[in-house]
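Novice: here are the coordinates; sequence isn't available:
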């Protein structure tokens with residue numbers, strides 16, 4: 001779920017005054033332009049969840065290990081989150097529409113390669129390429145709304161549709177992923193992007209280009225930052241599989257430390273940094289980013305482990321799994337809607353704090369799952385509680401991220417929050433999948449493989465033991481995810497001191513206390 005908060009306040013930063021109104025004669029194309037941007041946003045957002053539903057089918061078909069299964073999710077999140085800021089800067093320098101087109105083209109090509117992948121290696125490579133495409137396209141979509149649609153009702157409608165795509169994308173991904181995997185094949189969760197991508201590319205001529213800005217790309221920052229994160233995630237994953245004193249594990253952690261340190265030095269010294277460190281000096285912004293890291297970590301884990309639990313342990317089909325997630329989507333949407341109204345009356349931390357506490361309660365509820373737990377009595381209510389807590393947290397975190405920010409930095413401050421969510425999700429999933437795999441294998445060696453072997457041999461005693469071991473691993477991961485939400489709660493209470501939002505034109509400015 002995207003945390004970007006579309007507002008008119010970002011328009012002047014990216015848009016020259018003479019492009020704020022639609023050029024004469026283009027009014028009839030606004031509907032098509034809205035479809036293009038909405039379809040692109042939906043495609044990028046749903047790809048974070050559509051693959052989750054297909055994971056068990058992918059694991060079986062390509063013989064993917066438990067440790068590498070998480071990389072099918074993490075490779076996309078790392079590339080998307082790690083290059084999101086660079087993609088935004090590229091749009092500033094080379095043109096938003098041009099970068100939007102390039103991003104959609106790369107994403108569509110990567111989807112074709114993903115669907116054709118014969119093994120886990122090429123699939124993970126295709127997922128990385130998808131993330132690169134998404135990082136190029138996503139930052140430009142919001143700016144293209146401000147250059148294509150005139151101020152007033154037309155632009156407000158476009159902003160509303162754009163925001164809605166971020167909200168419904170996760171749900172559509174889960175339902176569509178389940179349906180395609182069930183009726184066709186897991187490869188169609190990738191192939192489905194091809195006609196959408198081609199249609200979006202054909203329609204980009206209706207979009208109005210934004211003004212370009214001087215400067216340069218921070219390529220060294222992108223290489224060191226993204227490389228450091230990949231090395232860190234790889235070290236965590238390998239450590240759980242081969243031991244924490246393994247030579248390659250230690251080398252990965254050493255490389256990650258060196259690359260991330262170099263990234264910070266480069267950001268401090270660069271005239272055009274990918275991540276301006278000045279944005280972290282404000283406690284509300286740095287607190288919001290840190291909290292979003294933990295929210296992303298727990299939320300990614302929720303989708304990942306619940307999907308495996310429902311399909312491997314409860315025996316749900318992919319499409320049934322997708323529909324089983326509907327309470328999560330409803331709870332998230334309801335809580336986000338309520339919190340967006342509360343922020344004009346209550347300080348953000350008084351909304352996000354209780355929200356994170358409620359989300360942690362939901363995760364602790366998941367931690368009590370058994371191999372034969374009921375959906376209606378256990379899974380559904382825990383899912384709804386967790387989603388209410390998470391939904392209540394997103395809007396306050398967005399407000400905290402852009403509170404008191406200089407006007408020209410509004411876009412990058414908001415993008416940093418989305419980056420924090422993606423990076424937090426990747427790091428959290430690496431940690432939690434390591435915990436889950438280790439806990440399960442302590443009870444039954446190679447628990448997932450043992451489960452498949454028992455099902456093939458119709459050895460139901462072996463299946464029962466493996467299912468119990470896997471469930472134990474998942475519950476350990478849910479417990480750790482609850483701890484991450486509580487860590488986010490502590491940061492929210494201690495670091496975020498913004499006061500309630502003043503209800504002035506819906507602007508995202510938050511007045512400091």
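Specialist: Sure thing, it's come through. Since this is a predicted model, take the numbers as computed values, not measurements.

Novice: spit out the contact partners of residue 291.
Specialist: 352, 356, 393, 397, 400, 488, 491, 492, 495, 496 (Cβ atoms under 8 Å, 6 or more residues apart in numbering). To be clear about C-beta, it is placed using only N, CA and C from the backbone, and glycine gets the same treatment.

Novice: same question for residue 141.
Specialist: Contacts of residue 141 by Cβ under 8 Å, 6+ apart are 37, 40, 41, 100, 162.

Novice: show me the contact partners of stretch 124-132.
Specialist: Identification of contacts with stretch 124-132 by Cβ under 8 Å, 6+ apart yields 47, 51, 68, 71-72, 75-83, 106-107, 109-111, 113-114, 117, 190.

Novice: recalculate using a threshold of 7 Å.
Specialist: Here stretch 124-132 makes contact (Cβ atoms under 7 Å, 6 or more residues apart in numbering) with 47, 71-72, 75-76, 78-80, 83, 106-107, 110-111, 113-114, 117.

Novice: swap in stretch 307-325?
Specialist: Outside stretch 307-325, the residues within contact range by Cβ under 7 Å, 6+ apart are 52-57, 174-175, 177-179, 181-182, 369, 371, 375, 451, 467, 470-471, 474.

Novice: buried set for that stretch?
Specialist: For stretch 307-325, a neighbour-count test (16 or more other Cβ atoms under 10 Å) marks 307-314, 316, 318-319, 321-322, 324-325 as buried.

Novice: kindly report the same for stretch 372-392.
Specialist: Using 16+ other Cβ under 10 Å, the residues of stretch 372-392 that count as buried are 373, 378-379, 382-392.

Novice: can you give me the helices for the stretch 51-200 of the chain?
Specialist: Using DSSP state H, counting those that start in this stretch, the helices found in the stretch 51-200 of the chain span residues 66-94, 96-115, 120-148, 153-183, 188-191, 193-203.

Novice: who does the last one touch, helix- and strand-wise?
Specialist: Counting contacts by 3 or more Cβ pairs under 7 Å, 6 or more residues apart in numbering; DSSP states H and E, the secondary-structure elements packed against helix 193-203 are helix 30-62, helix 96-115.

Novice: residue 434 - nearest residue in space that isn't next to it in sequence?
Specialist: Excluding its sequence neighbours, the residue lying closest to residue 434 (Cβ to Cβ, 6 or more residues apart in numbering) is residue 240, at 3.1 Å.

Novice: in what helix or strand does the one you found lie?
Specialist: Assessed by DSSP states H and E, residue 240 sits inside helix 219-242.

Novice: next: residue 271.
Specialist: Judged by DSSP H and E, residue 271 forms part of no helix or strand.

Novice: against residue 130, how distant is the spatially most central residue of the chain?
Specialist: Nearest to the geometric centre of the chain sits residue 422, at 4.5 Å (Cα atoms, centre = their mean). Note on residue 422: its distance to residue 130, by Cβ to Cβ, to the nearest Å, is 13 Å.

Novice: over to residue 29?
Specialist: The value you get for residue 29 to residue 130, if Cβ to Cβ is used, is 28 Å.

Novice: if you count surrounding residues, which of these two has more?
Specialist: Each of residue 29 and residue 130 has its neighbours counted (other Cβ atoms under 10 Å); residue 130 has more, 28 against 18.

Novice: ok, and the closest non-adjacent residue to the more buried one?
Specialist: Spatially, and ignoring its direct neighbours in sequence, residue 130 is nearest to residue 110 (4.2 Å; Cβ to Cβ, 6+ apart).

Novice: and if you look at residue 89?
Specialist: The shortest distance from residue 89 to any non-neighbouring residue, by Cβ to Cβ, 6+ apart, is to residue 217 (5.9 Å).

Novice: does the one you found touch residue 90 like I think?
Specialist: Yes: the pair residue 217 and residue 90 passes the contact test of Cβ atoms under 7 Å, sitting 6.1 Å apart.

Novice: neighbour count: the two, which is higher?
Specialist: Set residue 217 next to residue 90 and count neighbours by other Cβ under 10 Å: residue 90 wins out with 22 against 16.

Novice: what residues are up against the more buried one?
Specialist: Contacts of residue 90 by Cβ under 7 Å, 6+ apart are 99, 136, 217.

Novice: what's the neighbour count on residue 304?
Specialist: 25.

Novice: equivalent analysis for residue 63, please.
Specialist: Neighbourhood size, residue 63 [other Cβ under 10 Å]: 12.

Novice: same thing with the one 3 residues further on?
Specialist: As a burial measure, the neighbour count of residue 66 was computed by other Cβ under 10 Å and equals 22.

Novice: what do you get for the one 5 residues further on?
Specialist: The tally of other residues near residue 71 (other Cβ under 10 Å) stands at 25.

Novice: skipping adjacent residues, who's closest to it in space?
Specialist: Spatial nearest neighbour of residue 71, excluding adjacent residues (Cβ to Cβ, 6+ apart): residue 124 at 5.2 Å.

Novice: shaky segments in the stretch 51-200 of the chain?
Specialist: Residues of the stretch 51-200 of the chain that meet the criterion pLDDT under 70 lie in 142-143, 146-147, 151-170.

Novice: I appreciate the help and will end here.
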